[in-house]
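S.K.: Okay, sequence plus prediction incoming.
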Amino acid sequence: AVPENLLTSIAFPDMNLYIPAGDPKVVERSELSVSDYFGPLPIQLPVLGVMAHMHQLGSAISLDVKQGRQAKACVLDIPEWDFAWQQTYYFPEDDPLMVDGDTTFHMACTYDNSAANQQVGNGEQLEPRDVTWGDSTLDEMCLTYLMTSIPTALFQ
């Protein structure tokens, strides 16, 4: 039997990062329109939870949602990012965030690339350097995942 819904995560990356060496407060902003991601949606989709991801220079991350003409609402706000705290935050099971084609997510990632906030390598604190998107923990990311349930009927 075909399952009624597909549980999946939608990646929302901002891959155009540029974090200059020595800058103690760099804010990168991006947005994701649900209709740009999925195309026209004939239904509302439930967002069940959200997860944030940055590396060692990250200091804060937030995700807001704007639905149609409504004001922006906070979905996730981690004002003091810690690389070790990465987890998924779920909405109450009976109150998911419902999104449609008029929904846009706004993400803001803040970084501290000052000399005092550099990692230690071989017993020495590293010098600040320009940082961009990358997989290494010496690179950075600005990324959230939206956990959702999509009816399999949309794929048939």
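M.R.: Cool, got the structure. Numbers count the residues shown, from 1 in each chain.
S.K.: per-residue confidence for residue 25?
M.R.: Looking at residue 25, its pLDDT is 97.
S.K.: my guess is it contacts residue 112, does it?
M.R.: Yes: using CB atoms under 8 Å, residue 25 is in contact with residue 112, at 6.7 Å. For every residue, glycine as well, the C-beta is placed using N, CA and C.
S.K.: Neighbour count for those two, which is higher?
M.R.: Neighbours per residue, other CB atoms under 10 Å: of residue 25 and residue 112, the larger number sits with residue 112, 19 against 11.
S.K.: Roughly how far does that one sit from residue 128?
M.R.: Using CB to CB, to the nearest Å, residue 112 is found at 10 Å from residue 128.
S.K.: cool, and residue 107?
M.R.: Distance from residue 107 to residue 128, counting by CB to CB: 24 Å.
S.K.: Neighbours of residue 8, how many?
M.R.: Residue 8: 11 surrounding residues under other CB under 10 Å.
S.K.: Let me see the contact set for it.
M.R.: 147, 148, 149, 150 (CB atoms under 8 Å, 6 or more residues apart in numbering).
S.K.: By neighbour count, which of these wins?
M.R.: Using other CB under 10 Å as the neighbour test, the contacts of residue 8 are led by residue 148, with 21 neighbours.
S.K.: quick one, what contacts that one?
M.R.: 7, 8, 9, 10, 45, 46, 47, 48.
S.K.: The fifth one against residue 150, yeah?
M.R.: When you say that, I think you mean residue 45. Yes: contact criterion CB under 8 Å: residue 45 and residue 150 qualify, at 6.2 Å.
S.K.: Can you classify the nearest residue to residue 132 once chain neighbours are set aside by secondary structure?
M.R.: Counting by CB to CB, 6 or more residues apart in numbering, residue 17 is the residue found nearest to residue 132 once chain neighbours are left out, at 5.3 Å. Under DSSP: H, G, I helix; E, B strand; the rest coil, residue 17 falls in the coil class.
S.K.: likewise residue 127?
M.R.: coil.
S.K.: From here on, call the first residue 825.
M.R.: Taking 825 as the first residue, the last one we looked at is residue 951.
S.K.: Please tell me how far it sits from residue 939.
M.R.: As defined by CB to CB, residue 951 lies at a distance of 7 Å from residue 939.
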